[in-house]
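Novice: build me a model:
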Amino acid sequence: MKGRELDLYLSEGYFRMQQDVFTCRFILFEDRLCPVHWLRLDLARVTYGKSQRQLLKSNARFSVDVRPFVLTHELETLYAEYRDSITFDAPLSVEACLLDGSAYNVFDSYVVEVRDGARLIAAGIFDDGVRSIAGIMNFYHPDYRRYSLGKFLMLQKIRYAQQQQKVYYYPGYVVSHYPKFDYKLYACESATELFDQLSGNWLPFSWETMSTLAATMLDE
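Specialist: Now for the predicted structure:
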């Protein structure tokens, strides 16, 4: 699941789950069926506003490195500290999220490492295609919560993708009536597109378009 094959699946509304790809149209939240909307950013149209520029400036003292993903004790330790600090369900480990016992990663994965001196304080993992990247997971040390490192990692993935002349960045999905995932719109809402699961087309993001798609999905 690499290169152009990954690009194709992402463009048709599929996403990674462990060592496979999946798609879904709804999630169940508090006994309510909530439509799912897959997202991508058109990297050529990404521009940053005051919030994004300020975040990059305030975190400039941290070092950032992008390298091929290798599962390490350092990554697992950081994730365990992150998982202990959150209040929502999350995979038990990085290994459980990505590999699930497999000895071989079928995806071409990379990790963005953010360090304060020698200390690893955040990590973001993504899969690499020819024309696109897919953001898979972000986690950070709870001591650095005030630095918005999850959002910072999104911006660093975009930076890498633009440097590599990619066309799209796929951050996952948002869900109607369930704002937990709305942070995925943070980087640049005006460059974001929504996947219309009924027509198979990508549409410019707006809350009105999202509402219209949700109503159509529920009425189908």
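Novice: please make it C-alpha for all contacts and neighbour counts, starting now.
Specialist: Will do.
Novice: residue 55 sits in which helix or strand?
Specialist: helix 50-58 (DSSP states H and E).
Novice: enumerate the positions of that helix that are buried.
Specialist: For helix 50-58, burial by neighbour count (16 or more other CA atoms under 10 Å) applies to 52, 55, 56.
Novice: for those, which one is nearest residue 190?
Specialist: residue 52 (13.5 Å; CA to CA).
Novice: OK, contacts around the closest one?
Specialist: Residue 52 makes contact with residue 187, according to CA atoms under 8 Å, 6 or more residues apart in numbering.
Novice: separation between it and residue 185?
Specialist: Note on residue 52: its distance to residue 185, by CA to CA, to the nearest Å, is 12 Å.
Novice: could you list the buried residues of the longest helix along the chain?
Specialist: Once the chain is assigned using DSSP state H, the helix that runs over the most residues is helix 149-163. Using 16+ other CA under 10 Å as the test for burial, helix 149-163 gives 149, 150, 151, 152, 153, 154, 155, 156, 157, 158, 161, 162.
Novice: quick check: next helix or strand after the worst-scoring helix or strand of the chain on mean pLDDT?
Specialist: Ranking every helix and strand in the chain by mean pLDDT, DSSP states H and E puts strand 26-29 at the bottom, with a mean of 89. Of the helices and strands lying after strand 26-29 in sequence (DSSP H and E), the nearest is strand 32-42.
Novice: as a markdown table, the buried residues of helix 149-163 with pLDDT and distance to residue 31 would be great.
Specialist: Below are the buried residues of helix 149-163 laid out as a markdown table (pLDDT from 0 to 100; distance: CA to CA, whole Å):
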| residue | pLDDT | distance to residue 31 |
| --- | --- | --- |
| 149 | 98 | 32 |
| 150 | 97 | 29 |
| 151 | 97 | 30 |
| 152 | 98 | 33 |
| 153 | 98 | 33 |
| 154 | 98 | 31 |
| 155 | 98 | 34 |
| 156 | 98 | 36 |
| 157 | 98 | 35 |
| 158 | 98 | 35 |
| 161 | 98 | 38 |
| 162 | 98 | 40 |
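Novice: since that was my last question, I'll sign off now.
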